[in-house]
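S.K.: below: sequence and its predicted model.
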Amino acid sequence: MRSKTATVSYPDDSIVLVPQINSLDTSSPRPFWSVMIPVYNPPLPYLEETLRCVLDQDAGADQMQIEVIDDASPNGAATEFIRKLAGERVTVHCEPRNLGLARIWNRCIERARGEWVHILHQDDLVFPGFYQSLRSGVQKFPQAGVALCRHAYCDESGHWHRLSILEMPSPGLLQNFVEPLVTAERVQCAAIAVRRSTYEQLGGFNPDLKHALDWEMWIRIASKFPFFYEPKILACWRNHPGATASRQIRSGENIRDIAKAIGIWRKYLPEGEGQRLAEIAANRFSYEGFWMARHLLGQNDFEASLNQLDAALACKSTFRLQLSAAKIRAKVHAKRILKWRQPRLASASP
């Protein structure tokens with residue numbers, strides 16, 4: 001499968017090439033859920049929390065596949081740790097070589113036997129009622145290709161610091177969800193489950209993307225299917241210094257990858273709509289890059305600040321933005337000189 005691509009056609013005759021997801025034999029009994037947990041050198045305390053929050057909602061092996069997929073961790077898979085925690089209830093699959101983010105997520109989908117696939121990251125959480133609430137919702141609205149709940153954002157200690165946007169006050173279908181996805185951050189992987197047949201129809205995650213691969217996927221799906229939405233807060237995305245997102249912010253890869261994703265999804269939206277939404281997205285993420293550059297400058301993280309600044313200009317560049325960037329660069333250089341001079345002035349004092 002990994003060597004094949006799917007050609008997904010859209011009404012305006014545009015196409016997108018993405019990894020193909022093969023269909024399963026539907027004549028055999030299948031679980032409703034596949035909870036797939038991709039890991040790479042996972043911090044064991046976080047992984048334990050992740051596994052426990054799933055096991056606490058375990059509907060039984062006939063209804064829920066639970067599998068950890070190790071992406072060739074250099075320190076080896078945490079198989080013994082998982083066995084002590086969950087016995088044989090959680091399957092552990094080890095890849096012989098590192099696949100990277102998109103390919104390991106696609107491997108999760110490949111190995112999923114359930115009707116619905118939940119890719120849960122090694123440090124994220126779901127709260128009691130997540131699986132039951134989403135199952136009830138998609139059974140009530142069988143036309144949904146995706147199920148999404150409201151979710152929290154927490155730090156390394158599990159303390160909440162904000163909530164996702166409330167899309168609607170009661171459970172139901174979100175129609176025409178592409179524009180909301182473009183205009184604000186609305187989805188984290190912990191909070192979303194996808195019908196396997198949706199992946200089979202639209203293909204897997206795009207390996208050309210490193211940061212925005214999930215965002216591109218949700219836009220791709222929203223262009224074809226309604227989302228079922230549950231307003232209860234039933235999942236949590238954890239950010240911590242060791243997280244991939246944190247490293248990508250420091251390098252500026254987050255905004256650069258978003259700019260690349262915009263170029264991808266605008267091709268499979270109707271031409272006028274794609275252009276309009278691409279401009280909205282470019283404005284939004286350029287602004288976010290400038291905001292992050294100033295924030296990192298305030299933390300004296302000069303290299304990361306300049307990386308965010310360059311990435312923001314890669315997303316959108318005008319004379320006004322170039323002028324703003326020059327001012328921030330000047331402040332970075334001034335603070336660098338001041339930081340360099342301070343210890344020398346202190347040592348020269350009588």
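M.R.: Thanks, I have it.

S.K.: name the helices or strands packed onto whichever strand or helix holds residue 80?
M.R.: Taking DSSP states H and E as the definition, residue 80 sits inside helix 79-86. Taking 3 or more C-beta pairs under 8 Å, 6 or more residues apart in numbering; DSSP states H and E as contact, the helices and strands that helix 79-86 lies on are helix 44-55, strand 91-94. C-betas here are computed from N, CA, C, even on glycine.

S.K.: skip ahead from the first one and say which helix or strand is next.
M.R.: The reference is to helix 44-55. Using DSSP H and E, the next helix or strand after helix 44-55 towards the C-terminus is strand 64-70.

S.K.: average model confidence for that next one?
M.R.: Strand 64-70 shows a mean pLDDT of 97.

S.K.: what of stretch 100-114?
M.R.: Stretch 100-114 shows a mean pLDDT of 97.

S.K.: what's the mean pLDDT across the top helix by length along the chain?
M.R.: Longest helix in the chain by number of residues (criterion: DSSP state H): helix 319-348. The average pLDDT within helix 319-348 is 78.

S.K.: stretch 260-273 now?
M.R.: 90.

S.K.: distance from the chain centre to it, please.
M.R.: Put simply, stretch 260-273 sits 19 Å off its chain's centre (C-alpha atoms, centre = their mean, to the nearest Å).

S.K.: span of that stretch from start to end?
M.R.: In terms of C-alpha to C-alpha, to the nearest Å, the two terminal residues of stretch 260-273 are separated by 18 Å.

S.K.: which parts of it are buried?
M.R.: Of the residues in stretch 260-273, 260-262, 264-266, 268-269 count as buried by neighbour count, 16 or more other C-beta atoms under 10 Å.

S.K.: how about stretch 151-158?
M.R.: Using 16+ other C-beta under 10 Å, the residues of stretch 151-158 that count as buried are 151-154.

S.K.: try stretch 132-148
M.R.: Neighbour counts using 16+ other C-beta under 10 Å place 133-135, 137-138, 141, 144-148 of stretch 132-148 among the buried residues.

S.K.: identify the farthest-apart pair in these.
M.R.: Farthest pair in the buried residues of stretch 132-148 (C-beta to C-beta) is 133 and 145. Separation: 17.5 Å.

S.K.: quick one: buried residues of the longest helix of the chain?
M.R.: Taking 16+ other C-beta under 10 Å as the criterion, helix 319-348 shows 321, 324-325, 328-329, 331-332 as buried.

S.K.: much appreciated, bye for now.
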